[in-house]
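Asks: here is my input; please provide its structure:
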Amino acid sequence: MTELYQDTETYCETPIRNGLHRYAEDVEIMVFAYAVDNDPVTVLDLTAGDKIPKEILRMQDAPDVVKVMQNSQFDRTVLRHAMDIIIPVEQIHDTMIQALAHGLPGGLDKLCDILRIPFDEAKDKAGKQLINLFCKPRPKNMKLRRATRHSHAVEWQQFLDYAGMDITSMRAIKKKMPMWNYQGFEHELWQLDQRINDRGFKVDTELAQAAIRAIEIAQKKLAKRTSDLTHDDVQKATQRDRMLKHICDYYGVVLPDLKKSTLERRVNDTDLPWAVRELLAIRLEASMTGTSKYQKLIDAVSSDGRLRGTLQFDGASRTRRWAGRVFQPQNLMRPTHKQAEIDIGIKALKMDGVDLIESNVMGIVGSCIRGVIIPSENKKLIVSDLSNIEGRLGAWLADEYWKLQAFADYDAGEGADLYRVAYAKAFGIDVSQVDGGKDKGPNRQIGKVMELMLQYEGGVGAFLTGSLTYNIDLDELAEIAWPEIPESIKQEAMGFYDWTVQHRRSTFGLTKKVFCTCDALKRLWRLAHPQISSLWKDLANAARSAILNPGKEYPCRHVTFIRKGAWLRMLLPSGACLCYPAPRVEGNEITYMGMNQYSKRWQRIKTYGGKFLENACQSVARDVMADRMPNIEAEGYNILLTVHDELITEAPDQEEWNEKELSRLLSTAPSWAPGLPLAAGGFEAQRYRKD
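Replies: So this is what the prediction gives:
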C-alpha cells in the first residue's frame, strides 16, 4: 500500500495554547511538505504561490493510500479549516500515537534522540527558533509584527529545509518503532478517539463569563483585606514570598511554604494568631486552581460554542490511559460545596449575585466548574463510572478469590460494601461488627484508607500521600485504630519504627504513634490479602527473569512478561501490552527508560512489583472502558469525554436513553476478562457534576 508522508507549517494570530480547534479557525498554511513512499521530499512554499499537485490532493481521501503524519490531529484539522481538505481518520497512521502507545515521548525531536536517528535524518533542533520566528506574531514591542520570506530571506530558506527534515525524520522513526499497540482494535479505538475530540462538548459560556466576573471582584476584595491585615506590606494574597516574610516578621510564625496541604493543616490551628489564620484562609481561597479554568474555556471554545480536542489518546505514557488537554478535564478540583449549593451558586453567578449568598466566592466558583459542560439542544448528559475498578482488578489479577466474591455479593445486593469488608478481614471480625452494622463510621473509614493506599505495595509513606489526597487526619486515624490493633502487630510496627530511626530512614515527620499505626494497618491489610501481597514479588521475579532471558515468556497469573530486543513487554489479558524500553536488572533493582513525570526528562526509572501491579490495574481498567466504548457509541450514546474511569455521554432527552442502560453497557465484562466482577453507576443531567 502506498504511504504518503506529509506535514504542514502554519501561521496564526490565535495562540496554539488556546487549543487546536480554536487556533485552526484562523489558521494560514504557509508550507506543505510531503513524500510518497521512499521518494525524495518535496517542500512547497504556499506563500510564494506553490500549489499542491492534483495527484497529492487526490491521495488525501484515497483508501489505498496511508497518510503518515506526526500529530495528525493538528495537520488534518488545519487542512480542513484552511483548505477544505478532509482526510478520513481510518486512512491515517500517526507516528506520535505510535510512540505514545509504546511508552515513548510524542515529540519528534525527542524520538530522534532516543531512537538514535542519524543526524542527517534527525529533526533540526534549531527548528524551534524558526517556528517562533515565522509561525506566530512577533512581540508587541517590535515594529515588524510578522516575519516572512521577504523580511527574513535567509531564515526562511532554513525554515523550508527544516520542514523537509520533518518528513525525513518521520519516515525514519516510523520504521524503528514497534506496532504492538497501534494496530487492529487499538487503531480503531484511536479513530473513535479522534471522532470524540472532533465532536467536543457544548460549553455554557454565559456561566463561564459570569464566573470570571465574580472571580475578578472577589480577588479585589481578598487583595484589599490582605492589604489591610498586613498594613500594606502584602498587596495580594498570591504574593507568596511577601506573605511568608510578613507572617514570620510580624508574628514569629515560620511556615515551610504556602501549599494547599500546609494551609489546610494550619488554618484551623488555634495556637496561631487570628490574623495569621485569616491570612492563610484568604490565601487558600485566592489560590483555588479551579477558577483559572474558566478563562481557558472562553479562550478555547470554538465559534459554535463547543470545546474540542480535550483528550490525548494514550497520553498517560505508562498505562495508555487518556490524558487531558486544554481544559484538562482529568484535573478538575474537588468541589468544596454540596451539589444543592452548587446548583444555587450557578444561578446566582448568572445573576451576578453570588457574593450575596456565599462568603467563600472563590470556593463556590471553583466548585461550579463542571457545570460549564452542558448538552446540546434536546439532548441530555448521561454519565456513568466504573465502580472501584482498580480494587476489582487488583483482586482479579491476583486471584484473590474471597475479595472477588465480596464484590460479586455486594453487586448482587447480598453483601456489605468493600470498605467494611476490608476492615473486617484485616481485624479478623465479622463484617456485621464493623461500626455496629452501620454503613458509615470510623472503622469503615479506616477500611477505606487501607483499600485506597495499600494495594500497590505502599507503606507508611502511602498513608501520608493519601491523607493529602483524601483529606484524612492521620492523628485522628491513629486515635481510632491503635486500640483495635492486635498486640503482636503493634510490637512488629514499633520494632520497625525503632529500626527506621536507628538507620536514619525517613519517618515522614510523623509522630511515633501515627507512624506505628500506619505501619500496623499495612501489616494487617497484607495478611488479609495474601494473593495480592505475593503477586508483587511474583511480578518482579517474572520481569527480572524476562529481562535476563530475552525471547522467553514468563507467565504471572493473568499477565506475561517477555523481552524482545530493547523492550520489556507486559502482555495484558486484552491482548495489548505495557512497554518498558531499555530494561535492566541492576543488583536487586529493575530499571527502564521513561519520561520522569516531574522533570519531564527521558531518564532511567526504577520500578518494583507493586508498581507493576499499579501499571497493570490502571492499564487494564483503561482496556475495560475501551472495550465498551464502540458498543456504547453504537447504541446512540455519543461520548463527549472520558475522565479516569468515567464516561460522559450525550444522548436524546428521551427515556430509552438512560443512566441504567449506559451503566449496564459499561459494566459488561469483556470476553477476555472472565470472572471479573464489574459495576457502574451514574446520573442524567443538564449539567455535568461530580456524582
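
Asks: show me where the stretch 151-300 of the chain has its helices.
Replies: For the stretch 151-300 of the chain, the helices defined by DSSP state H, counting those that start in this stretch occupy 153-176, 185-199, 205-229, 240-251, 260-266, 274-286, 293-300.

Asks: buried set for the last one?
Replies: Which is helix 293-300. Taking 16 or more other C-beta atoms under 10 Å as the neighbour-count basis, helix 293-300 is seen to contain the buried residues 293-294, 296-298, 300. Any C-beta I mention is one placed from the backbone N, CA and C, and that applies to glycine too.

Asks: kindly report the same for the shortest one.
Replies: Of the residues in helix 260-266, those scored as buried under the neighbour-count criterion (16+ other C-beta under 10 Å) are 263, 266.

Asks: start at 26, not 1
Replies: Taking 26 as the first residue, the last one we looked at is helix 285-291.

Asks: dump the C-alpha coordinates for that helix into CSV.
Replies: Coordinates of each C-alpha in helix 285-291 appear next as CSV, following Å, rounded to 0.1, in the frame of the first residue of the first chain:
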residue,chain,number,x,y,z
LYS,A,285,-2.6,23.8,49.9
SER,A,286,-1.8,21.0,52.3
THR,A,287,0.1,23.4,54.6
LEU,A,288,-2.7,25.9,54.5
GLU,A,289,-5.4,23.4,55.2
ARG,A,290,-3.4,21.9,58.1
ARG,A,291,-2.7,25.3,59.8
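
Asks: from the contact counts, what lies against that helix?
Replies: Using 3 or more C-beta pairs under 8 Å, 6 or more residues apart in numbering; DSSP states H and E as the contact test, the elements touching helix 285-291 are helix 299-311.

Asks: so the helix it packs on versus helix 265-276, what angle?
Replies: For helix 299-311 and helix 265-276, the angle between their directions (axes from the mean of the first three to the mean of the last three C-alpha atoms, to 10 degrees) works out to 170 degrees.

Asks: go through the helices of the stretch 176-325 of the chain and name the closest to His554.
Replies: The closest of those to His554 is helix 285-291. By C-beta to C-beta, the value is 28.8 Å.

Asks: what about Ile673, which helix or strand?
Replies: Here Ile673, judged by DSSP states H and E, is contained in strand 671-677.

Asks: what does that strand contact?
Replies: Counting contacts by C-beta atoms under 8 Å, 6 or more residues apart in numbering, the residues outside strand 671-677 that touch it are 226, 398, 400-401, 403-411, 650, 654, 657, 661-667, 682, 687, 691, 707, 713.

Asks: state the pair within the buried residues of helix 318-325 that is farthest apart.
Replies: Largest separation among the buried residues of helix 318-325 by C-beta to C-beta: Tyr319 and Ala325, giving 11.0 Å.

Asks: give me the pLDDT for Lys148.
Replies: Turning to Lys148, the model gives it a pLDDT of 58.

Asks: now the strands for the stretch 526-675 of the chain?
Replies: Secondary structure of the stretch 526-675 of the chain (DSSP state E, counting those that start in this stretch): strands at 579-581, 584-589, 592-596, 602-606, 609-611, 614-620, 627-632, 663-668, 671-677.

Asks: mean neighbour count added to these, as a markdown table?
Replies: As requested, those are arranged in a markdown table below (neighbours: other C-beta atoms under 10 Å):
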| stretch | mean neighbour count |
| --- | --- |
| strand 579-581 | 18 |
| strand 584-589 | 20 |
| strand 592-596 | 22 |
| strand 602-606 | 23 |
| strand 609-611 | 12 |
| strand 614-620 | 19 |
| strand 627-632 | 15 |
| strand 663-668 | 22 |
| strand 671-677 | 22 |
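
Asks: using CSV, lay out the ones you listed together with mean pLDDT.
Replies: Conversion of these to CSV gives the following (pLDDT from 0 to 100):
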stretch, mean pLDDT
strand 579-581, 98
strand 584-589, 97
strand 592-596, 97
strand 602-606, 97
strand 609-611, 95
strand 614-620, 94
strand 627-632, 94
strand 663-668, 96
strand 671-677, 98
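
Asks: quick check: which of these is nearest to Arg359?
Replies: When the strands of the stretch 526-675 of the chain are compared for distance to Arg359 using C-beta to C-beta, the nearest one is strand 663-668, at 12.9 Å.

Asks: who touches the closest one?
Replies: Here strand 663-668 makes contact (C-beta under 8 Å, 6+ apart) with 217, 221, 224-226, 335-336, 347, 354-355, 357, 398, 406, 650, 654, 657-658, 672-676.

Asks: which among these count as buried?
Replies: The neighbour count (16+ other C-beta under 10 Å) marks 217, 221, 225-226, 335-336, 347, 354-355, 357, 398, 406, 650, 654, 657, 672-676 as buried among the contacts of strand 663-668.

Asks: ok, back up a step: okay, now the sheet partners of the strand holding Ile673, with direction.
Replies: Sheet pairing for strand 671-677, assigned by DSSP bridges, gives strand 404-411 (antiparallel), strand 663-668 (antiparallel).

Asks: from the chain's centroid, how far away is it?
Replies: With C-alpha atoms, centre = their mean, to the nearest Å as the basis, strand 671-677 stands 19 Å off its chain's centre.

Asks: rounded mean pLDDT for the helix or strand just after that strand, please.
Replies: For strand 671-677, the following helix or strand on the C-terminal side (DSSP H and E) is helix 684-691. Model confidence over helix 684-691 averages 98 on the pLDDT scale.

Asks: so what does helix 684-691 touch, helix or strand wise?
Replies: Going by 3+ C-beta pairs under 8 Å, 6+ apart, helix 684-691 lies up against strand 404-411, helix 634-659, strand 671-677, strand 705-710.

Asks: and of the ones you listed, who's closest to Leu283?
Replies: Of all the helices and strands packed on helix 684-691, it is helix 634-659 that lies closest to Leu283, at 30.8 Å by C-beta to C-beta.

Asks: the closest one to strand 584-589, inter-axis angle?
Replies: Angular relation of helix 634-659 and strand 584-589 on a 0 to 180 degree scale: 100 degrees, by the same axes, to 10 degrees.

Asks: list the buried residues of helix 634-659.
Replies: 634-654, 657.

Asks: before we move on, back to that, wait, which of the helices of the stretch 176-325 of the chain is closest to Arg331?
Replies: Smallest distance to Arg331 across the helices of the stretch 176-325 of the chain (C-beta to C-beta): 7.8 Å, for helix 210-224.

Asks: okay, the angle between the closest one and strand 671-677?
Replies: In this structure, helix 210-224 runs at an angle of 60 degrees to strand 671-677, with the same axes, to 10 degrees as the basis.

Asks: list the buried ones in helix 210-224?
Replies: Under the neighbour-count criterion of 16+ other C-beta under 10 Å, helix 210-224 has 211-212, 214-219, 221-223 buried.

Asks: before we move on, the earlier item: hey, least reliable of the helices of the stretch 176-325 of the chain by pLDDT?
Replies: The weakest mean pLDDT among those belongs to helix 285-291, with a mean of 80.
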